[in-house]
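Pasted the sequence and its predicted model underneath.
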Number of protein chains: 2
Amino acid sequence: MKIEIYDTTLRDGTQRTDISLSLNDKLAIAKRLDEFGVDFIEGGWPGSNPKDAEFFARAAEMEWKHAVIAAFGATCAVNKTPAEDDNIRALLDSKAPVCTVVGKSSLLHVHEVLRTTPQNNLRIIEESLAYLTAQGRRVIYDAEHFFDGYKEDAEYALQTLAAALRGGAETLVLCDTNGGSMPWEVSEIVRAVRARFPHARLGIHTHNDGECAVANSLAAVREGCVQVQGTINGYGERCGNANLCSVIPDLELKMGYTCLPSGHLAQLTDLAHYVAEIANLAPDEHLAYVGRDAFAHKGGIHVAAMRRTPRSYQHIDPALVGNRSQVVVSELSGRGNLLSKAEENGIEIDDQVNLNQALREVKALEAKGFSFEAADASVMLMLLRQKADYQPPFELVDFTAEVEHRAGRGMIAEATVKVRVGGELIHTAAEGNGPVAALDAALRKALLPYYPQIARFHLSDYKVRILDGNNGTSATTRVLIETRNGHRAWGTVGASTNIIEASWRALTDSIEYGVLVVEAQPQPEAVH
Amino acid sequence: MKIEIYDTTLRDGTQRTDISLSLNDKLAIAKRLDEFGVDFIEGGWPGSNPKDAEFFARAAEMEWKHAVIAAFGATCAVNKTPAEDDNIRALLDSKAPVCTVVGKSSLLHVHEVLRTTPQNNLRIIEESLAYLTAQGRRVIYDAEHFFDGYKEDAEYALQTLAAALRGGAETLVLCDTNGGSMPWEVSEIVRAVRARFPHARLGIHTHNDGECAVANSLAAVREGCVQVQGTINGYGERCGNANLCSVIPDLELKMGYTCLPSGHLAQLTDLAHYVAEIANLAPDEHLAYVGRDAFAHKGGIHVAAMRRTPRSYQHIDPALVGNRSQVVVSELSGRGNLLSKAEENGIEIDDQVNLNQALREVKALEAKGFSFEAADASVMLMLLRQKADYQPPFELVDFTAEVEHRAGRGMIAEATVKVRVGGELIHTAAEGNGPVAALDAALRKALLPYYPQIARFHLSDYKVRILDGNNGTSATTRVLIETRNGHRAWGTVGASTNIIEASWRALTDSIEYGVLVVEAQPQPEAVH
């Protein structure tokens, strides 16, 4: 049986204190969620800020393989009709095919927050939904604080759902907004809702304030909910939302439900890391299913026993979720990964290329703080550099980067580079907004006469992560750079205790790969 | 009704890949757990290493207020009697009043890991326990892989429990060792065990591989288990053990059980942070109940509503677990937020301080990329600087930071600073691993003769975030610094397109606040 997956990483997930996503970040995550195969992607609250409104404008022009885009908003204001309400207007303007409308289920909130009558709350629920469905939108109804509201006054909470059904909601989503419900309470209340509305489609939306968000979602599905709302890695306000990276494999592998297109569950670990990377958060290495250590095993005997009988020490085969056992170092699967990456990037692997040596190099650099998950170009350069006839487009001789604050003159950042191209030595200098921008400018200035295609290269993303931050300013810094030429994007990485050196490595890799590989290949039409 | 809390942070918790506790660390955590009021503290496996054996030698000489010390070990070897087995001998030598003995419940493990007969496994369970009880020890029996074993062969799994009861076990603890069981499976199997052994005392030990460890523990208690085994912050192998920091408040606040001495639950948040500190792990800010953000609220209207009716936005009163509502100071804040922050930090607000102006400043800087959520000290400095008699401890005149890569010499980072202290001008220089470390070193060198307390300041965290990274290397960079003096921690922030300038602002604020405010206040006894 199919359970719908409704992802709200881009809306509820961004309520987490330390997440701030740019428009491009949101679009990139949405694309990846679509490939993964979730049913709904809630892109934001278009009535609350211009960035979210712009997301929907861009999303409306894109093609989506699996997912339907949903816009989030609230019922209309207590003293207005839906047609007069800006927030409802923003939902329509978003052009999202699904509008998810949140309304109040709890009398406490009706009185204290809305400051209106119970009857008027029923009116705004029904009218807001009816107005949107009349304009041809599919509407999902989020019943805020449903479980708390039900415990205060069950009959009123059920009446709010009846109002949503009259308004044309296709699914009624029961929300544990404050996150404190226990699994048996969720079971009992969902059962009561099913008894009252036997033909309604129900969904569940939980938070982790009692550390039961996943169990609460599963309990609701066992009682008949057919949609689960949650976020990747459980990101969300306070203690987070239900973690889809646990909910989905629990539903598919433990309970026999179908959530994703066949075979897509194996993308789960990559997806979890990708979203963490874009959100600029360190992945939690101990997360169920997708954490680096989720299948980590210690000890020799243990390992030997596990090779004979993996299920003796693992609750599932980690490959099912795209993860792996930490002790079983699979040199073969590693080689396979490199080979398919090379194919993807149009790099020919001949017998000069020693994949095992490249794997060793990857592992040695990862131990120093590099991370190649978003830096294919740096990996491909490792392979290319093994070829006897490999000619780098330039060689570094020296560089300097200086920042000065002088009384009365403010800040200055200046860099010099000395590079060799063929037989020639170029020595030049440039300024910038900061030391890395100055280095980038000086390097481009030096190389442009030899490689005019560099003028098309644009640094489209620049991310810095401090590893082991409790070493203070001597911690290792990792820099990830994404470069675009109007057709393609490629990623490179550098790491060092010195942020300038880390940035320099990522910068030079990005130009080397752009000149040697990207611009040497036929250019496709569309940006991706 | 009382539920026993059995803490295994010092044994199963240390199986986590990145935890390594010294003997003194273990003793310090044990003392704190005892004050907190858990019933059992499992100190280690004396048969496995000398450090654990030494722990028990020291623990035997100490006084314990609430807890009983337990030593962990396995059933005797398959070809031995308990009297001949070194691991059983180590349990006796530990002098721990409780011995917790783990045995096999699963036929798969009997055949593949022990490589013995089902009958001999029953023998070693019964004899090992009988031998220890005959020597006057209380024995708790950990039934390893119980749920998986029960699913393979229920009758055999139940026979292993019968053997443990014949051996004299006071409690039978059902372990979900691989961590993949679902709550309803736990309920059903515990119910079956209760039916077979209606007079036995049962316990539960779960792992988080399906992100259901807490829910599984609670489900087991609902079916009659009277002991819960788990760890502080959920530390443990792979995805961790049942998190006692969630299990205990769920049991006490949601289910009405008693776990701790009256009033002790309010120590929970401090305990969680203390254990993280000793284990040298960054506290997870999003943990249920004890996380920094577990009760974090944003937004002025929201905050106002919460002051009137806290339960409208919180599932419990955070004071019950020693946590507090975080009114996050951000662009969404009001005067109330600033006033309560100033109170928290012991800053007097007199009529020289214009809160509205400070709020405008916060908003203007946030629009430039600053973020004050983790930078209370920078906010407090804004208030202090409004006072007419405010004297900064030093003033910046100039600084430079240079990074050089010279052929044959590798990387060099060097900084100079020129600062004014009172009437004097100090001009000095230093090197570092990177440009920020060099600036930090030069600034400390300049100020140390005037402010010797700076020697106690330690940069405990350094975070860099690139905002709007698609502006490439010209993007705005935000730097957050946390500084500690052994007693307190304070956070500061800087932002600029130039990472060096951003770091410099956060660095100078951290020293200014440390000298003027932190060191000027009475210092508490304990590290916190």
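Structure received. Numbers count the residues shown, from 1 in each chain, chains lettered A, B, ... in the order given.

for the stretch 251-400 of chain A, what spans make up the helices?
A:268-278, A:300-308, A:331-344, A:355-367, A:376-384 (DSSP state H, counting those that start in this stretch).

What helices and strands are in contact with the first one?
Yep, that's helix A:268-278 we're talking about. Other elements packing on helix A:268-278 under the criterion 3 or more CB pairs under 8 Å, 6 or more residues apart in numbering or on different chains; DSSP states H and E are helix A:23-36, helix A:244-249. (C-beta placed from N, C-alpha, C; glycine too.)

Show residues contacting that helix.
A:9, A:21, A:25, A:28-29, A:32-33, A:36, A:232-233, A:235, A:245, A:248-249, A:282-283, A:287, A:289-290, A:321-323, A:373-374, A:463, A:480 (CB atoms under 8 Å, 6 or more residues apart in numbering or on different chains).

can you tell me which residues contact the residue of chain A positioned farthest from its centre?
Distance from the C-alpha centroid of chain A, by CA atoms, centre = their mean, peaks at A:G423 (45.5 Å). Contacts for A:G423 (CB under 8 Å, 6+ apart) come out as none.

list the contacts for the residue in the stretch 201-350 of chain A that chain B sits nearest to?
Per CB to the nearest CB, A:H315 is where the stretch 201-350 of chain A lies closest to chain B, at 2.5 Å. Contacts for A:H315 (CB under 8 Å, 6+ apart) come out as B:178-180, B:209-210.

Among those residues, which one lies nearest to chain A?
B:G180 (2.5 Å).

For the stretch 201-350 of chain A, which segments count as strands?
A:202-206, A:227-230 (DSSP state E, counting those that start in this stretch).

Turn these into CSV, including mean pLDDT.
Shown next, in CSV, are the strands of the stretch 201-350 of chain A (pLDDT from 0 to 100):
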stretch, mean pLDDT
strand A:202-206, 98
strand A:227-230, 98
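
I'd like the ones you listed as a markdown table, with mean neighbour count and distance to B:Q352 appended.
Output for the strands of the stretch 201-350 of chain A, formatted as a markdown table (neighbours: other CB atoms under 10 Å in any protein chain shown; distance: least, CB to CB, whole Å):
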| stretch | mean neighbour count | distance to B:Q352 |
| --- | --- | --- |
| strand A:202-206 | 27 | 48 |
| strand A:227-230 | 28 | 49 |
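
Any regions of chain A where pLDDT drops low?
Along chain A, segments meeting pLDDT under 70 span A:297-308, A:326-337, A:367, A:373, A:468-473, A:522-528.

which residue is nearest the middle of it?
A:V275 (2.4 Å).

quick one: A:S474 and B:G432 touch, right?
Yes: counting by CB atoms under 8 Å, A:S474 does reach B:G432; the two are 7.2 Å apart.

Just want to know which of these two has more residues nearby.
For A:S474 and B:G432, the more surrounded residue by other CB atoms under 10 Å in any protein chain shown is B:G432, and the numbers stand at 21 against 18.

From A:N498, how far out is that one?
Going from B:G432 to A:N498 by CB to CB, to the nearest Å gives 9 Å.

Identify the residues contacting the helix or strand encompassing A:L459?
Secondary-structure element containing A:L459, defined by DSSP states H and E: strand A:458-467. Defining contact as CB under 8 Å, 6+ apart, one finds that strand A:458-467 is touched by A:24, A:277, A:280, A:282, A:369, A:436, A:440, A:475-486, A:489, A:495, A:499, A:510, B:462-466, B:469-473, B:475, B:477, B:499.
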